[in-house]
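K.L.:
when you get a sec, could you give me coordinates for this:
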Amino acid sequence: MLASGLLLVALLACLTVIVLMSVWQQRKSKGKLPPGPTPLPFIGNYLQLNTEQMYNSIMKVSQGVVFSNGERAKQLRRFAIATLRDFGVGKRGIEERIQEEAGFLTVALRDTHGANIDPTFFLSRTVSNVISSIVFGDRFDYEDKEFLSLLGMMLAIFQFTSTSTGQLHEMFSSVMKHLPGPQQQAFKELQGLEDFIAKKVEHNQRTLDPNSPRDFIDSFLIRMQEEEKNPNTEFYLKNLMMTTLNLFIAGTETVSTTLRYGFLLLMKHPEVEAKVHEEIDRVIGKNRQPKFEDRVKMPYMEAVIHEIQRFGDVIPMGLARRVNKDTKFRDFFLPKMQNFRFKSPQSPKDIDVSPKHVGFATIPRNYTMSFLPR
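P.N.:
All right, here's what the predicted structure looks like:
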């Protein structure tokens with residue numbers, strides 16, 4: 001009994017010291033860093049991210065989490081960009097892949113015969129197949145059960161991360177994996193994606209030809225062989241798994257979500273849809289697929305796409321950025337190695353949707369649509 005009482009006192013003392021140190025550090029830097037709410041120990045300001053309007057256009061938050069950065073991020077990013085370019089990203093090769101998938105999407109939509117549908121998986125299958133053809137060297141059939149299961153896992157993970165429990169999991173994943181709650185299902189979904197990537201990597205390892213890389217995974221495996229004697233290499237199996245998973249998820253979710261926003265906004269604004277359709281018929285016609293070179297001839301279409309991206313704002317907080325040297329910005333001093341997030345200037349809920357302004361209503365997560373060819 002006495003031992004448990006002493007342990008409780010010790011824990012309370014440690015917690016008090018941590019809180020006092022956190023408050024002291026915050027006050028010490030108050031006159032230098034941008035203004036912001038006082039962070040809580042460990043979790044920082046994740047529960048206060050909606051208070052940006054209380055301060056200026058710049059707000060400092062203490063995140064309470066550690067992100068990959070430095071030399072690892074540089075090496076992997078440089079390799080990923082170079083490899084994706086080798087497989088056609090930014091070149092005619094990727095255009096042909098997109099045109100092929102657009103054809104499959106059109107056929108799938110026509111097969112609905114004008115019935116009401118939820119476009120979520122129609123769009124995610126198409127977008128995911130473009131990145132899959134580069135990362136895995138092949139596309140999936142739209143009715144492939146494993147493919148549909150992967151897309152379902154991805155959607156469930158993104159829905160979970162948008163909740164408060166998901167934010168806590170992001171900060172305390174090592175602790176929350178031992179606690180009951182919705183995060184347990186999210187762990188299963190993520191493990192399912194990792195198992196799929198592991199199976200693909202294992203297959204490529206067995207069939208690898210160093211002189212003829214078939215996809216991103218092959219290129220990474222070849223680089224691993226080239227640097228196997230380098231003690232400081234960042235090219236090893238774990239990084240291959242995580243980089244491939246990141247490409248697969250990022251190459252699917254953000255684009256398909258933006259397309260969903262786009263379809264719904266065009267449904268809400270048929271006058272805009274009519275102008276887009278007129279420009280498509282005038283520039284492209286009905287006898288060929290669109291090409292990248294058509295972009296300069298279609299200013300209205302490009303303006304609509306930019307407005308969809310602005311309004312959709314699918315990643316409003318973006319990724320953290322670290323200051324690599326002491327920097328003065330406006331009236332603030334940003335110390336070296338401080339992490340910052342750049343928030344979008346406004347969210348859809350802040351937009352004036354009154355008739356006197358061109359605005360849009362808040363978009364629900366799921367909706368139905370019908371495909372009726374003109």
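K.L.:
and the longest helix anywhere in the chain, what's buried?
P.N.:
Secondary structure assigned by DSSP state H gives helix 237-268 as the longest helix of the chain. For helix 237-268, a neighbour-count test (16 or more other C-beta atoms under 10 Å) marks 239-241, 243-245, 247-249, 251-253, 255-266 as buried. (C-beta placed from N, C-alpha, C; glycine too.)
K.L.:
domain-wise, how is the protein divided?
P.N.:
Domain segmentation of the chain under the TED database yields 17-49, 55-268.
K.L.:
can you redo the ones you listed as JSON lines with distance to residue 311?
P.N.:
Below are the domains of the chain laid out as JSON lines (distance: least, C-beta to C-beta, whole Å):
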{"stretch": "domain 17-49", "distance to residue 311": "20"}
{"stretch": "domain 55-268", "distance to residue 311": "7"}
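K.L.:
for these, give me CSV that also has mean pLDDT.
P.N.:
Shown next, in CSV, are those (pLDDT from 0 to 100):
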stretch, mean pLDDT
domain 17-49, 56
domain 55-268, 82
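K.L.:
and of the ones you listed, who's closest to residue 327?
P.N.:
Taking C-beta to C-beta, domain 17-49 is the member of these nearest to residue 327, at 11.2 Å.
K.L.:
spatially nearest residue to residue 248 (excluding sequence neighbours)?
P.N.:
Closest residue in space to residue 248, ignoring its immediate chain neighbours: residue 135 at 5.9 Å, by C-beta to C-beta, 6 or more residues apart in numbering.
K.L.:
sorry, that was for residue 139
P.N.:
Residue 139 sits nearest to residue 129 (C-beta to C-beta, 6+ apart), 4.2 Å away.
K.L.:
now do the helices in the chain.
P.N.:
Assigned helices in the chain, in chain order: 2-28, 70-86, 92-110, 120-135, 145-161, 164-171, 173-176, 183-207, 216-226, 237-268, 270-283, 299-312 (criterion: DSSP H).
K.L.:
just to revisit the earlier point, check contacts around the residue nearest to residue 248.
P.N.:
Shown in contact with residue 135 (C-beta atoms under 8 Å, 6 or more residues apart in numbering): 215-217, 244, 247-248, 251.
K.L.:
ok, so of the residues you listed, who is nearest residue 115?
P.N.:
Here the nearest of the contacts of residue 135 to residue 115, counting by C-beta to C-beta, is residue 251; it sits at 29.0 Å.
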